[in-house]
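Q: Let me see the structure of the following:
(one chain, ligands or ions: 3)
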Amino acid sequence: MEDQLPQHIAVIMDGNGRWAKERGLPRSQGHLAGVDAVRTLVRECRNRGIGYVTVYAFSKENWRRPEKEVSFLFELFLRFIREEMPELMAQDIRLDFIGDKRDLPFAVRQALDYALRKTASNRGMVFTLAISYSGREEILQAARRAIADGLRPEELDEATFRSYLYAPNTPDPDLVIRTSGEERLSNFLLFQSAYAEFYFSPVLWPDFGPEELNKALGSYAGRTRRFGRTSEQLHSATEGKCYE
Ligand code: IPE
Ligand code: IPE
Ligand code: MG
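A: Numbering: from 1, shown residues only. Ligands and ions are numbered 1, 2, ... in the order given. Predicted structure coming up:
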């Protein structure tokens, strides 16, 4: 369908370090500026009526970064979660989390659990933070839990498997955006992105504002999602019997 709004946007926020470097600033300043861009994204998506926004804030692989950068990022996550609460409540946004919670520092886990509980009944939009997230790990933990539950092989269909993913009730992303000119998934939502549309922007994450979001949405609106069908099928009411 054309002219459609994605129901779920997932964003690989990349380029904070380069943004800072371009300005002769430490990487931490890039991450700080990146937080402002997240705030803007959430507000803009909420105003546009997008149902789900997921942001990739920290990958499992990001634990390989210098300890100082990692601890700065977790301080930032802690502050962000605490400071965003009034705004999330005011905008009726539910916070969700995907990733390996066991990896999180205690204070972050505590603040996160509080925010998840407090926003649990909000209905305006779902805003999901991916922290210490790995798509492969998500798939593996799902398989492990399914086995631990004693599921027989023939019981494990797609719907059952999905119920073991981190956020089983969140629909697959329709649009995956990555900034900073990199064109890769970096282990993000591997299972869920099977039929996503991708939008790669050269803009560095801290500079990704409402205008850039409009460009991404414009690009998405002009695409035809076929899900394996032919374009004739999509445009005819006689779906299924047009094979000649
Ligand atoms: C994205 O920006 C933020 C995180 C991965 C936490 P980067 O920190 O990867 O910025 P670049 O890629 O070095 O510019
Ligand atoms: C991907 O960014 C992870 C996040 C945006 C959190 P990276 O900058 O870590 O990705 P790679 O390592 O360059 O692929
Ligand atoms: Mg990067």
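Q: how about Glu197, phi and psi?
A: Main-chain torsions, Glu197, degrees, to the nearest 10: phi -90, psi 140.
Q: Repeat that for Asp14.
A: Here is the backbone geometry of Asp14 (degrees, to the nearest 10): phi -130, psi 150.
Q: Asp100 and Glu137 touch, don't they?
A: Yes - look at Asp100 against Glu137 with Cβ atoms under 8 Å: they come within range, at 6.4 Å. Quick note: C-beta positions are derived from backbone N, CA and C, even for glycine.
Q: so what sits against both of these two?
A: Taking Cβ atoms under 8 Å, 6 or more residues apart in numbering as the contact rule, the neighbours common to Asp100 and Glu137 are Lys60.
Q: what about stretch 220-228, average pLDDT?
A: Per-residue pLDDT over stretch 220-228 has a mean of 95.
Q: my bad, should have said stretch 41-56
A: Taken as a whole, stretch 41-56 has an average pLDDT of 98.
Q: Contacts made by the longest helix along the chain with the rest, please.
A: Looking across the chain with DSSP state H, the single longest helix is helix 67-90. If you take Cβ under 8 Å, 6+ apart as the criterion, helix 67-90 is touched by 27-28, 31-32, 35, 38-39, 57-58, 62-63, 93-95, 104-105, 107-108, 111-112, 115, 118-119, 122, 127, 129, 131.
Q: Low-confidence stretches in the chain?
A: Scanning the chain for pLDDT under 70 picks out the ranges 1-3, 237-244.
Q: do you know how far the spatially most central residue of the chain is from Asp100?
A: With distances taken as Cα atoms, centre = their mean, the residue of the chain nearest its centroid is Thr54 (2.5 Å). Counting by Cβ to Cβ, to the nearest Å, the gap from Thr54 to Asp100 is 16 Å.
Q: so what's Val203 up against?
A: By Cβ under 8 Å, 6+ apart, the contact set of Val203 is 15, 179-180, 212.
Q: Can you tell me which of those residues is closest to Ala196?
A: Thr179 (15.8 Å; Cβ to Cβ).
Q: tell me which parts of the chain are close to ligand 1?
A: Counting by Cβ under 6 Å from any ligand atom, the chain comes close to ligand 1 at 13-18, 58, 62, 73, 180, 205.
Q: Now intersect these with the helices, please.
A: Under the assignment DSSP H, these contribute 16-18, 73 to helices.
Q: Would you point out the most distant pair within the residues you listed?
A: Farthest pair in those (Cβ to Cβ) is Arg18 and Leu73. Separation: 16.0 Å.
Q: what's near enough to touch the residue in the chain that ligand 1 sits nearest to?
A: As assessed by Cβ to the nearest ligand atom, ligand 1 sits closest to Gly17 within the chain, at 2.6 Å. Neighbouring residues of Gly17 by Cβ under 8 Å, 6+ apart: 27, 30.
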